[in-house]
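Undergrad: structure for this input, please:
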Amino acid sequence: MNNQHKTISPRTIIRMSLAVIIIPLLPLLISWRWDWWEAWVYALTCILSFATSRALAARRHPDLLAERARSMQYEDTEPWDRLLAPLVGLGGGLIPLVAGLNALFDWSPTFSPPAKILSLLIILAGYALGTYALLENPFFSGVVRIQTDRDHRAVSSGPYRWVRHPGYAGGLLTYLATPFLLDSLWAFLPVALLTIALVIRTELEDRTLQDKLEGYRDYARRVRYRLLPGGGREIDSSLV
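TA: Numbers count the residues shown, from 1 in each chain. Just a heads-up that it's a prediction; the model follows:
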């Protein structure tokens, strides 16, 4: 029986649950400011968005959550992603951590209410885009690998009609907007580092898919934007 059909271990479920709950609550846990409504909104948005997306994905692609839960255990993961995948995950946790420290030590001034409302809308849009990509792509793994055990193929429906990596695009939107909602100029430092890592990972993943996944080159010819639509056409010399 293939690995993805095995039951997810209780240890994995506990580890994922702690990460999903504790990391969004870091600003509150670190600052101990329980009346910080923006931090509560951030935490609830993250937790509910994650729970909703995974519940929908479980109904549409029953084996996808098992694939993602065991992402780091696959031997055919691209070598470079064994480093980048954990770094991206760590970077996502550093943003609320720094925001919590910022609030604890009062490092930077606050943003205006309109800026916070706009940032929340962008965060919601980012989660919506990421969920849309998750639901449309049954191969939405947590690591970069050619999933020959799952009949891997190029996906061109849903948000993949606009950009080749909408999941990363959704994540990028949430990262960029979070410092505004949590009143933390210092949080832009991990955001900048995470953005660089995300762009590098997207570039390497795209090259891997072009080289190893049947049909992806033809798809890349049709959808020329890798990460954000309108951000400049990304013409690969191997495609022209």
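Undergrad: helices of the protein, start to end?
TA: 10-31, 37-60, 64-69, 81-105, 113-136, 166-181, 188-212, 216-222 (DSSP state H).
Undergrad: any chance of TSV for those, columns mean neighbour count?
TA: (Glycine included, C-beta is placed from N, CA and C.) Formatted as TSV, those follow (neighbours: other Cβ atoms under 10 Å):
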stretch	mean neighbour count
helix 10-31	16
helix 37-60	16
helix 64-69	19
helix 81-105	19
helix 113-136	18
helix 166-181	23
helix 188-212	17
helix 216-222	15
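Undergrad: so which of the ones you listed comes closest to Ile146?
TA: helix 188-212 (5.0 Å; Cβ to Cβ).
Undergrad: list of residues touching the closest one?
TA: 78, 80-81, 84-85, 87-88, 91-92, 94-95, 97-98, 144, 146, 154, 164-165, 168, 171-172, 175-176, 178-179, 216-217, 220, 226-227, 236, 238-239 (Cβ atoms under 8 Å, 6 or more residues apart in numbering).
Undergrad: so the closest residue in space to Thr148 that isn't next to it in sequence versus Leu84, what's the distance?
TA: Residue nearest to Thr148 in three dimensions, not counting chain neighbours: Asp76, with 7.7 Å by Cβ to Cβ, 6 or more residues apart in numbering. Using Cβ to Cβ, to the nearest Å, Asp76 is found at 16 Å from Leu84.
Undergrad: likewise for Leu90?
TA: Leu90 is 11 Å from Leu84, by Cβ to Cβ.
Undergrad: do the same with Arg145
TA: 13 Å.
Undergrad: what do you get for Ala57?
TA: Taken as Cβ to Cβ, the span from Ala57 to Leu84 is 23 Å.
Undergrad: read off the pLDDT value for Arg82.
TA: For Arg82, the model assigns a pLDDT of 93.
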